[in-house]
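Novice: Pasting the sequence and the predicted model now:
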Amino acid sequence: MDMPSLRHLYIQGAIDDKSMEYIAAIRQLELLDIQDAHVTDRGLLHLKGNLKLRQLDLFNTDVTDAGIAELQQALPDCEIVN
């Protein structure tokens, strides 16, 4: 899936760790806002290669502080809000 013009994505509910594989394929993504979703640390791992990601908002997900810290190391220029 190549979506070169998609830079901001807002998702509420209805996604999980498997869905994150497809979201991570959007390499031009700069802002990702996920709310009320069943995404865990495992799902976050898919985003490690998204070096253009500058802001990740995770509200009401199953992500832990440890998962956020691990992703933050891989994406130091990304602001992660939980």
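Specialist: The structure has been received and is ready for your questions. Note that the structure is a prediction, hence the values are computed from the model and not measured.
Novice: ok, and for the longest helix belonging to the chain, which residues are buried?
Specialist: Identified as the longest helix of the chain according to DSSP state H is helix 65-74. Residues of helix 65-74 classed as buried under the neighbour-count rule (16 or more other Cβ atoms under 10 Å) are 67-68, 71. The C-beta positions use only the backbone N, C-alpha and C, and glycine is treated the same way.
Novice: so who does Thr40 touch?
Specialist: 17, 61-64, 67 (Cβ atoms under 8 Å, 6 or more residues apart in numbering).
Novice: Mind picking the two most distant members of the residues you listed?
Specialist: Asp17 and Thr64 (13.2 Å; Cβ to Cβ).
Novice: and the buried residues of helix 65-74 as TSV, adding distance to Ile23?
Specialist: Formatted as TSV, these follow (distance: Cβ to Cβ, whole Å):
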residue	distance to Ile23
Gly67	16
Ile68	16
Leu71	13
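Novice: Take these and write them to a markdown table, including pLDDT and distance to Leu45.
Specialist: Shown next, in a markdown table, are these (pLDDT from 0 to 100; distance: Cβ to Cβ, whole Å):
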| residue | pLDDT | distance to Leu45 |
| --- | --- | --- |
| Gly67 | 97 | 8 |
| Ile68 | 97 | 12 |
| Leu71 | 97 | 8 |
